[in-house]
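Engineer: Give me coordinates for this.
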Amino acid sequence: MKKKEVELKSNKRILMVDNDAGFLKILGLMLSDYGCICATDGEAAVKLYLKFRPALVLLEVVLPKMNGIEATRKILEVDPDAKIIGLTSLRDRSKDILEAGAIDVVEKPFRRRELLEIVERYLSDKPRFKS
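Structural biologist: The predicted model follows:
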């Protein structure tokens, strides 16, 4: 039964976007049960979203080339059903990415358990309610 759960999770692709390669590596380890795609700037995030149509996007607010707020808007223009979760260490920027259309925000630093709970909440087929 456990193996089947892992197989189901790996069918859900996640786009992870952050300009810190070390952080992306750690995030990839935290989410190793899922198929992960990485981008290090907002422009690449939009291109990879269009190419792969991942089930979920974890998107840093502060990025080079195009910030996470603008990338969120661009992705949602193409796919209004996209599930985007903002990542930030700047508490005052959380509101900005939510207003751009993100469904939630995770403030850095966070624990693996917290991240997995949020990812699983938004990847499940159950109705979503913020706590």
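
Engineer: can you map out the strands along this protein?
Structural biologist: Assigned by DSSP state E, the strands in the chain fall at 13-17, 35-39, 56-60, 84-88, 104-107.

Engineer: Parallel or antiparallel, list what pairs with the second one.
Structural biologist: Pairing partners of strand 35-39, with direction, according to DSSP bridges: strand 13-17 (parallel).

Engineer: For stretch 106-126, C-alpha coordinates in PDB please.
Structural biologist: C-alpha atoms of stretch 106-126 as PDB (Å, rounded to 0.1, in the frame of the first residue of the first chain):
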ATOM      1  CA  VAL A 106       4.600  29.600   2.700                       C
ATOM      2  CA  GLU A 107       6.900  31.800   4.700                       C
ATOM      3  CA  LYS A 108      10.600  30.800   4.900                       C
ATOM      4  CA  PRO A 109      12.100  29.200   6.800                       C
ATOM      5  CA  PHE A 110       9.700  26.200   7.000                       C
ATOM      6  CA  ARG A 111       9.900  22.600   8.100                       C
ATOM      7  CA  ARG A 112       9.500  19.600   5.700                       C
ATOM      8  CA  ARG A 113       6.300  18.500   7.500                       C
ATOM      9  CA  GLU A 114       4.700  21.900   7.000                       C
ATOM     10  CA  LEU A 115       5.600  22.000   3.300                       C
ATOM     11  CA  LEU A 116       4.300  18.400   2.800                       C
ATOM     12  CA  GLU A 117       1.000  19.200   4.500                       C
ATOM     13  CA  ILE A 118       0.500  22.200   2.200                       C
ATOM     14  CA  VAL A 119       1.500  20.400  -0.900                       C
ATOM     15  CA  GLU A 120      -0.700  17.400  -0.200                       C
ATOM     16  CA  ARG A 121      -3.600  19.700   0.700                       C
ATOM     17  CA  TYR A 122      -3.500  21.400  -2.700                       C
ATOM     18  CA  LEU A 123      -2.700  18.300  -4.700                       C
ATOM     19  CA  SER A 124      -5.500  16.200  -3.200                       C
ATOM     20  CA  ASP A 125      -8.900  16.000  -5.000                       C
ATOM     21  CA  LYS A 126     -10.700  17.000  -1.800                       C
END
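
Engineer: Give the residue spans of the chain that score low on pLDDT.
Structural biologist: For the chain, applying pLDDT under 70 flags the ranges 1-11, 125-131.
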